[in-house]
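[1] coords please:
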Amino acid sequence: MKKQKKWYDYLWIFSLTYLILGFFNILFAWIGLLCFFIPLIISITTGSKAYCNNYCGRGQLLEIIGSKFKLSRNKNCPSLIKSKFFRYLFLTFFMTMFANMIYNTYLVFFGTQSLKQVVVLLWTFKMPWNFAYTVSVSPWIAQFSFGFYSLMLTSTILGLITMVLFRPRTWCVYCPMGTMTQMICKAKAK
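    Presented below is the predicted three-dimensional model:
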């Protein structure tokens, strides 16, 4: 018997739409804050990883691409990636990059730095993205958009790479949001 689909089984469409919209208009990057705050709110209020288990559109999207389109090798990921050390190190690195993005937004807000219309992939490759900035807004709003979209696109690319190399949802093993919600759940359980 086939499992009855629920509304949240289609949240992968949200993730895909987000990435596409941000490509054409960088200001849509602000919508990505939902993917940042909702998991935290759910884990704080319920003490569960319900977001990761049911509502994460990125995990669903990776599952569809990897399984249905058979783009995953379906190999176990290395134990290093599953280790607490790696997950906490990656969370620390990711949050450092997030703090750097906030700092750059702060500098633009106070006028000590000009707006950089670039998306930085994998924290290294600067890609001019001025074609996606067509609406005039305060420069700090745009700077945040470029930075946040860089983080979201980079994490999606990492998810796709590990999806191809290992299992479709390998990203979920070391996802910074998953690590944070797990820490919250453990703290609430004590």
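
[2] In contact with the residue nearest the centre of the chain, which residues are there?
    Among the residues of the chain, the one closest to the centroid is residue 152, at 4.2 Å (CA atoms, centre = their mean). Going by CB atoms under 8 Å, 6 or more residues apart in numbering, residue 152 touches 18, 19, 22, 29, 32, 35. All C-beta spots, glycine's among them, are computed from the backbone N, C-alpha and C.

[3] Tabulate these (TSV), appending distance to residue 125, secondary structure and neighbour count.
    Converted to TSV, the contacts of residue 152 look like this (distance: CB to CB, whole Å; DSSP: H, G, I helix; E, B strand; the rest coil; neighbours: other CB atoms under 10 Å):
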residue	distance to residue 125	secondary structure	neighbour count
18	21	helix	22
19	17	helix	17
22	17	helix	25
29	18	helix	25
32	20	helix	18
35	23	helix	20
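
[4] Next secondary structure after the worst-scoring helix or strand of the chain on mean pLDDT?
    Within the chain, no helix or strand scores below strand 125-128, which has a mean of 92 by mean pLDDT, DSSP states H and E. Tracing the chain past strand 125-128, the next element assigned as helix or strand by DSSP states H and E is helix 139-165.

[5] So which bits of that next one are buried?
    By neighbour count on 16 or more other CB atoms under 10 Å, the buried set for helix 139-165 is 139-156, 158-160, 162-163.

[6] What of stretch 82-95?
    86, 87, 90, 91, 94.

[7] Does residue 119 belong to a helix, a strand or coil?
    Classification of residue 119 by DSSP: H, G, I helix; E, B strand; the rest coil places it in strand.
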